[in-house]
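Engineer: Give me the fold of what follows.
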Amino acid sequence: QVQLVESGGGLAQAGGSLRLSCVASTVSFSSYSMGWFRQAPGKEREFVAVISYRGGSTDYADSVNGRFTIVRDNAKKTVYLQMNNLKPEDTANYYCAAIRFRVRVSAAEYDYWGQGTQVTVSS
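Structural biologist: Numbers count the residues shown, from 1 in each chain. Down below sits the predicted model:
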């Protein structure tokens, strides 16, 4: 069982930055690829970014590519999402998720989820 706890959400102005963190409870964190997803009210959960279990491979949604960066620190069992140049359309609840070894963009394939952290961007 893997428990994930996100933090770092909050209110930001358009053009501003936030950094989200997700801490995992498992001793085998380095065996899991980690993804970030988001869900706005009335919308489906959507892929934001993913990083491979060793950190050597990343992928981003087109809507955040060039503005968001996903990194991980396996020693701290933590994955981060640095969000720059935020836009009002980035407003959503952000979730981190874990999947063993594979790099995937589909939420349905992930095994473990955090409770989410709210990000609100004002114009």
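Engineer: any idea how far T78 is from S25?
Structural biologist: Between S25 and T78 the distance is 11 Å, computed by Cβ to Cβ, to the nearest Å. In short, each C-beta sits where N, CA and C put it, glycine included.
Engineer: And those two? Which one has more around it.
Structural biologist: T78 (18 against 12; other Cβ atoms under 10 Å).
Engineer: mind listing what the nearest residue to A24 once chain neighbours are set aside touches?
Structural biologist: Nearest residue to A24 in three dimensions, chain neighbours excluded: K77, at 4.6 Å (Cβ to Cβ, 6 or more residues apart in numbering). Contacts of K77 were listed using Cβ atoms under 8 Å, 6 or more residues apart in numbering, and they are V23, A24, S25, T26, F29.
Engineer: count of residues packed around S106?
Structural biologist: With other Cβ under 10 Å as criterion, S106 counts 10.
Engineer: same thing with S122?
Structural biologist: 11.
Engineer: Quick check: phi and psi at it.
Structural biologist: phi -100, psi 150 (degrees, to the nearest 10).
Engineer: so it sits right up against G16, yeah?
Structural biologist: No: judged on Cβ atoms under 8 Å, S122 makes no contact with G16 at a distance of 9.1 Å.
Engineer: tell me the strands in the chain, going along the chain?
Structural biologist: 4-7, 10-13, 18-24, 32-39, 46-51, 58-60, 68-73, 78-83, 92-100, 112-113, 117-122 (DSSP state E).
Engineer: so what does the fourth one touch, helix or strand wise?
Structural biologist: When you say that, I think you mean strand 32-39. strand 18-24, strand 46-51, strand 68-73, strand 78-83, strand 92-100 (3 or more Cβ pairs under 8 Å, 6 or more residues apart in numbering; DSSP states H and E).
Engineer: Please tell me how far V50 sits from A14.
Structural biologist: In this view, V50 and A14 are 26 Å apart by Cβ to Cβ.
Engineer: Mind checking which of those two has more residues around it?
Structural biologist: V50 (24 against 13).
Engineer: separation between the residue nearest to that one when sequence neighbours are not counted and L4?
Structural biologist: Leaving aside its sequence neighbours, V50 sits nearest to G35 (Cβ to Cβ, 6+ apart; 4.2 Å). According to Cβ to Cβ, G35 stands 11 Å off from L4.
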